[in-house]
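Colleague: With the sequence up front, the predicted model follows.
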Amino acid sequence: MRRTVAVTAAAVLMVPMLTGCSTVSTESDQVALHYDAGAFSSTTYQECVTENNRTWDGPGEKYYKYPAGQRNFDFMGGDDAESNPYTVVSKDNQELTVSGGLTFHLDTSCDPDGGMLRDFHEEIGLKFQPTMDGDGQTTDTWLEMLRFYIGQPLNKALATEAQKYDWLALYNDPNTRAQFEAAINANLGNAVMATTGGKAYFVQFNLTLQKPAPRKELVDGLAAVQVAITEREAVKEQNATVEEKLKQIEALVKVLGPDGYILYDVMQRCLGTEPPKGCPTFLPVPPGGDVQVPAPAGG
C-alpha cells in the first residue's frame, strides 16, 4: 500500500513540471531563436533551433520563429499582395505605374552565438513580434516590417532610376525596360542595407518588373499618333500609285498620240468584264485614221 502511495505522489509532483515546459517545433521553412526567460533569471540567448526540429525546455523559456528560405514581396496590388504598385516620374515628367514581384531571403544563418539572425531579432525583429503565428504563417507585423525595410527602399530605387528614361522608352522599348530592371537589381541590396544600419539581414534579391503603365491619356495619344502615321503612309502609297499611273499614260500618249490614247482608253474600259454604261457600238476612227474592212467571203 505504501508503494502505491509513493508512486502516486511522484506522479503528482511531475504534473506541474511537464505542463510548465516550453516547446517549439520548426517546419522545413522555419527557424527559431531560444531565449532563457525564467522567472528567476534575466533574458539571455540560448540557441538557434534550425529547420525540422522540436525541442522542450523548462517553464518560462521563449522561442521566436522566423521564416527561412525564399520569401516574396508582391507589389502587383492584388488581395494577397504585400503592396500596391508604385508610381514613378520619368525623365520627361510623365507618371507611370510600376508593378512586379521581388524574391529575397532573410539571413537565417545560425552561428554558435546566434549569427546574423540573432542580430536581426534583437535589432529589428523584437519591434515587430510576433512575426509568425501558431500555424506557421507570417503575421501582419511581419508585413509591416517588410513594407518599411524593403518596400520603402524599393520604391525609392524605382523612382530614382525612372528619372533616367523618357516615358515612351520605359513603356515601349524592351531593351530600356531590361536596363531599368537590371539597374535596380544591382543596387537594391545596398538600398535596403541603408535602412538596416548597414547590416545585410536581407539577401539574394531578384526583382521582376511588369511593363510600366503610363496614364490613359498618354496611351490614347500614342494610339492617335499611330493612326495618323498609318493614314499618312496610306496617302503616300496612294499618291505613288497615281504618279505611276500618270507615267504610264504619258508613255502611251507618246506612242499612240492623244487621240489614239483616247481610243485605247475607251477600248480598255468598254471591253472589260464590267463595261460602263454608254460604251459605243462602233469604234471611232481618229482623224486621218485608216480602217480596212475585209471583203465578205465568196464575194
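Modeller: Cool, the structure landed. Residues are numbered from 1 along each chain as shown.

Colleague: In contact with the most centrally placed residue in the chain, which residues?
Modeller: Closest to where the C-alpha atoms of the chain average out (CA atoms, centre = their mean) is Gln210, at 2.3 Å. With contact set as CB atoms under 8 Å, 6 or more residues apart in numbering, Gln210 has these partners: Met76, Val98, Ser99, Gly100. Just so you know, the C-beta spots here come from the backbone N, C-alpha and C atoms, and that holds for glycine as well.

Colleague: Mark which of the residues you listed are buried, thanks.
Modeller: Val98, Ser99, Gly100 (16 or more other CB atoms under 10 Å).

Colleague: out of these, who's nearest Glu250?
Modeller: Val98 (59.2 Å; CB to CB).

Colleague: shaky segments in the stretch 1-150 of the chain?
Modeller: 1-22, 38-41, 58 (pLDDT under 70).

Colleague: Would you map the helices across the protein?
Modeller: Counting by DSSP state H, the chain has helices at residues 2-19, 115-123, 140-146, 152-162, 167-172, 174-193, 216-270.

Colleague: Give the buried residues for the fifth one.
Modeller: Within helix 167-172, the residues that qualify as buried are Trp167, Ala169, Leu170, Tyr171, counting by 16+ other CB under 10 Å.

Colleague: Distance check, Pro276 against Val242.
Modeller: Per CB to CB, to the nearest Å, Pro276 is found 20 Å from Val242.

Colleague: quick one: Leu207 from Gly198, how far?
Modeller: Distance from Leu207 to Gly198, by CB to CB: 21 Å.

Colleague: Pull the number of nearby residues for the residue nearest to Ala183 when sequence neighbours are not counted.
Modeller: Leaving aside its chain neighbours, Ala183 sits nearest to Glu161 (5.3 Å; criterion: CB to CB, 6 or more residues apart in numbering). Other residues within reach of Glu161 by the criterion other CB atoms under 10 Å amount to 19.

Colleague: ok, now Met132?
Modeller: Neighbours of Met132 using other CB under 10 Å come to 20.

Colleague: Leaving aside the residues adjacent along the chain, what's closest to it?
Modeller: Lys65 (4.2 Å).

Colleague: Can you tell me how far the closest residue in space to Arg54 that isn't next to it in sequence is from Gln248?
Modeller: Residue nearest to Arg54 in three dimensions, not counting chain neighbours: Ser25, with 4.3 Å by CB to CB, 6+ apart. In this view, Ser25 and Gln248 are 90 Å apart by CB to CB.

Colleague: more neighbours, these two?
Modeller: Relative neighbour count places Ser25 above the other of Ser25 and Gln248, with 15 against 10, counting by other CB under 10 Å.

Colleague: Correct me if wrong: the more buried one contacts Glu51.
Modeller: No - Ser25 is not in contact with Glu51 according to CB atoms under 8 Å; the separation is 10.8 Å.

Colleague: can you pull out the strands in the stretch 1-150 of the chain?
Modeller: Taking DSSP state E, counting those that start in this stretch as the criterion, the stretch 1-150 of the chain contains strands spanning 22-25, 30-36, 44-49, 54-57, 62-67, 70-74, 86-89, 95-98, 100-106.

Colleague: Rebuild these as a markdown table, extending it with distance to Ala186.
Modeller: Below are those laid out as a markdown table (distance: least, CB to CB, whole Å):
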| stretch | distance to Ala186 |
| --- | --- |
| strand 22-25 | 38 |
| strand 30-36 | 29 |
| strand 44-49 | 31 |
| strand 54-57 | 41 |
| strand 62-67 | 25 |
| strand 70-74 | 17 |
| strand 86-89 | 18 |
| strand 95-98 | 17 |
| strand 100-106 | 14 |
